[in-house]
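In: Provide a 3D model corresponding to the input given below.
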Amino acid sequence: MSLSDGATLDLTVVVPYFNPGDRVRETIDELVRTLSGTGATFEVIAVSDGSTDGSEMALADLPADLVRTVRLQHNHGKGEALRVGFTMGRGRFLGFIDGDGDLPPDQVATLAAIAHEADTPAPDVVLGSKRHPASQVVYPPLRRLYSWSWQQLVLALFGLHVRDTQTGLKLVRREVLADVLPRMLEKRFAFDLELLVVARRLGYHRFVEVPVRIRERFGSTVSPRAVAGMLVDLFAIFYRLRVSRHYDGPGA
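Out: Okay, the predicted model is just below:
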């Protein structure tokens, strides 16, 4: 089944992960409990991005009618794991949540409810935002500076009025994803930005930002190498958008 085919479920949620230990099982168990209480038909697709810590084994006994598991042989990046999961998805809306447990999975129900509001046109993308005024997030000043600086670059280069492109909680209409995904090239963390940039380029503008809660850690650091990689990817997206016009061509 491809994204251009009709949906057979209400919702697909992809969970990409790389060496998360036991947290991935906790995340998926909580996610299934949450979605089971919404009344929606759903599936969870857990994609291991070449994990080497044996975390895939923790998912072996999950109900096959609700959870599908995929293992990539090598670590390619979060974006590639999402691409694989999305192309398998059967939902009218397709979303994702990071597998490390920082974002409580019950927040997926909030995104799904907004996407399904009957009295307004369905949003093209619903995205969690750490910088939403109602978000409950505490993280180090340096991490906050990185986030603010990234968003200023995004605004300057793309005119994209989104306060936070990078939080790992998003939901996309199937029709939007079918148009956008074939044009995308990013395999790493700039996948989120490219998704929004290409969607807007193709005429999709209904982006809804919602508050999030970030729990536990945020103790992880962002290395200079990671920052440099993100910047390289950001300017690669800019080049494809403004110079080569890659995104204007027909979908692959």
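In: shaky segments in the stretch 151-252 of the chain?
Out: Residues of the stretch 151-252 of the chain meeting the criterion pLDDT under 70: 216-222, 251-252.
In: which residues of the stretch 51-200 of the chain fall in helices?
Out: Using DSSP state H, counting those that start in this stretch, the helices of the stretch 51-200 of the chain run over residues 78-88, 107-115, 141-158, 174-180, 191-201.
In: can you put those in a markdown table and add mean neighbour count and distance to residue 52?
Out: No exception for glycine: its C-beta is placed from N, CA and C like everyone else's. Formatted as a markdown table, the helices of the stretch 51-200 of the chain follow (neighbours: other Cβ atoms under 10 Å; distance: least, Cβ to Cβ, whole Å):
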| stretch | mean neighbour count | distance to residue 52 |
| --- | --- | --- |
| helix 78-88 | 22 | 14 |
| helix 107-115 | 19 | 27 |
| helix 141-158 | 15 | 26 |
| helix 174-180 | 21 | 30 |
| helix 191-201 | 23 | 22 |
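In: Can you lay out those as JSON lines showing distance to residue 44?
Out: Below are the helices of the stretch 51-200 of the chain laid out as JSON lines (distance: least, Cβ to Cβ, whole Å):
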{"stretch": "helix 78-88", "distance to residue 44": "9"}
{"stretch": "helix 107-115", "distance to residue 44": "10"}
{"stretch": "helix 141-158", "distance to residue 44": "28"}
{"stretch": "helix 174-180", "distance to residue 44": "16"}
{"stretch": "helix 191-201", "distance to residue 44": "19"}
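In: Among these, which comes closest to residue 57?
Out: helix 78-88 (17.8 Å; Cβ to Cβ).
In: Mind giving me the packing neighbours of that closest one?
Out: Packed against helix 78-88, as judged by 3 or more Cβ pairs under 8 Å, 6 or more residues apart in numbering; DSSP states H and E, are the following elements: strand 9-17, strand 42-49, strand 67-72, strand 91-97, helix 191-201.
In: Number of residues surrounding the residue nearest to residue 136 when sequence neighbours are not counted?
Out: Once flanking residues are discounted, residue 136 sits nearest to residue 213: 4.5 Å by Cβ to Cβ, 6 or more residues apart in numbering. Neighbours of residue 213 under the rule other Cβ atoms under 10 Å: 15.
In: what sits against residue 130?
Out: 137, 139, 147, 164, 167, 212, 214 (Cβ atoms under 8 Å, 6 or more residues apart in numbering).
In: show me what contacts the residue lying closest to residue 191 once chain neighbours are set aside?
Out: Nearest residue to residue 191 in three dimensions, chain neighbours excluded: residue 79, at 2.9 Å (Cβ to Cβ, 6+ apart). Counting by Cβ under 8 Å, 6+ apart, residue 79 makes contact with 184, 186-191, 194.
In: picking up where we left off before, can you say which of the helices of the stretch 51-200 of the chain is nearest to residue 230?
Out: Using Cβ to Cβ, the helices of the stretch 51-200 of the chain put helix 141-158 closest to residue 230, at 7.2 Å.
In: Off-centre distance for the closest one?
Out: 18 Å (Cα atoms, centre = their mean, to the nearest Å).
In: Which residues does that helix contact?
Out: Residues contacting helix 141-158 (Cβ under 8 Å, 6+ apart): 130-131, 160-166, 193, 197, 200, 218, 222, 227, 230, 234-235, 237-238, 241.
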